[in-house]
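Peer 1: have a look at this prediction, sequence included:
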Amino acid sequence: MKKLFLILPLLLLAGCNEPVEPTKYEVVSIQPFYTLFKDRCSDDTKIGFPEGVTHETDLLIAGANNLAASLENVSYKEENKFTDQVINQTMFSKLGKNQIILIQSHGEYIDTYLHSTILTGADFDETKVSEEDEERIVESSMWNQETFNNYEAITFEYIKAYCPDISGSIVYMGQCFGGIDWALATSFLDKGAVAVYGASDAIQMHYGDMMQYKVTSLLGEINPATENYYTTGEALAKAQELYGIDDKVKYEGGANGARVLLYGDPNYRLANK
């Protein structure tokens, strides 16, 4: 019996020293207006495109590729790249735990009741909205080439109703007004997201896309100040240092002073060195 009591602590100690496998993450990119926005900022790029990127909508994809290339525990599969596809319940069913969910769309602030929205990419048709979804799917307008088009948009109530469990996920909402108040961000946090990024106002498009590109990329890089991977908060702070704390820094006269806000955990890392 004495030998047994001597061996057991050693076995337990050996178990505690086993390396812990890092959580595996998948990047999901959602761009319902991929083609429409592709060259939207070609003449208004006061922040230069990163090397190898020539189209506005490819900034999001480039950031996702950088992150997946930097971390072995992060993947970016072709089937998780939703370009020119409508945001709907089928797409929401593809969301899940431990994902980096990148959304590039248009958004509008409605009021203090419905709050802000995410355009889905579909034309609005009131006859196709069920009574149950009246506060989940609403009409929103967006300038499209030479006219305003009326598009379908989803509210925080839609996320509450149809978003699955996304525990351990990071959500980056690239549209205008995503972080103007608590509504959209909290709806994702309530579904398990650990951190949610969103714009405080109508955000200058190229500034917003460059911020999304850089924050996403930095999550897979080493912060020299800590000698560990950037946290969600550190990545945002570094991107603001590079491109301006808000969109007015580089786009005076053409911006509202919108900045990217972080809801949730500012100390979350995708990996530890």
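Peer 2: That came in fine, so what should we check first? Since the model is a prediction, treat every value here as computed from it, not as a measurement.

Peer 1: could you look up the SS state of the residue nearest to the spatial centre of the chain?
Peer 2: The residue lying closest to the centre of the chain (C-alpha atoms, centre = their mean) is residue 172, at 1.5 Å. Per DSSP: H, G, I helix; E, B strand; the rest coil, the secondary structure class of residue 172 is strand.

Peer 1: wait, it touches residue 212, no?
Peer 2: Yes. Between residue 172 and residue 212 there is a contact under C-beta atoms under 8 Å: 5.6 Å. The way it works is simple: take the backbone N, C-alpha and C, and place the C-beta from them, glycine included.

Peer 1: overlap of the contact sets of those two?
Peer 2: Counting by C-beta atoms under 8 Å, 6 or more residues apart in numbering, the contacts common to residue 172 and residue 212 are 102, 197.

Peer 1: pull out the buried positions in stretch 88-96.
Peer 2: 88, 91-92, 95-96 (16 or more other C-beta atoms under 10 Å).

Peer 1: residue 84: neighbour count?
Peer 2: By the criterion of other C-beta atoms under 10 Å, residue 84 has 12 neighbours.

Peer 1: what about residue 140, neighbour count?
Peer 2: Residue 140: 23 neighbours (other C-beta under 10 Å).

Peer 1: who's in contact with it?
Peer 2: Here residue 140 is in contact with 106, 108, 110, 117, 119, 124, 150-153 (C-beta under 8 Å, 6+ apart).

Peer 1: coming back round to it: from residue 179, how far out is the residue nearest to the centre of the chain?
Peer 2: Using C-beta to C-beta, to the nearest Å, residue 172 is found at 10 Å from residue 179.

Peer 1: now do the shared contacts for these two.
Peer 2: 196-197.

Peer 1: show me what the residue nearest to the centre of the chain is bridged to.
Peer 2: residue 102, residue 197 (DSSP bridges).

Peer 1: which residues touch it?
Peer 2: Counting by C-beta under 8 Å, 6+ apart, the residues that residue 172 touches are 100-103, 196-197, 212, 215-216.

Peer 1: please enumerate the helices of the protein.
Peer 2: Counting by DSSP state H, the chain has helices at residues 2-16, 58-70, 89-92, 156-162, 183-189, 205-218, 232-243.

Peer 1: any idea which of these is most buried?
Peer 2: helix 205-218 (a mean of 25; mean count of other C-beta atoms under 10 Å).

Peer 1: that helix: how far from the chain's middle?
Peer 2: How far helix 205-218 lies from its chain's middle: 10 Å, per C-alpha atoms, centre = their mean, to the nearest Å.

Peer 1: for that helix, which helices and strands make contact with it?
Peer 2: On a contact count with 3 or more C-beta pairs under 8 Å, 6 or more residues apart in numbering; DSSP states H and E, helix 205-218 meets helix 58-70, strand 99-103, strand 170-173, strand 195-199, helix 232-243, strand 260-264.

Peer 1: pull the CA atoms of the shortest one into CSV?
Peer 2: What follows is strand 170-173 as a C-alpha-only set of coordinates in CSV (Å, rounded to 0.1, in the frame of the first residue of the first chain):
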residue,chain,number,x,y,z
ILE,A,170,-15.2,36.4,-32.2
VAL,A,171,-17.6,38.5,-34.3
TYR,A,172,-16.4,41.5,-36.4
MET,A,173,-19.3,43.5,-37.8
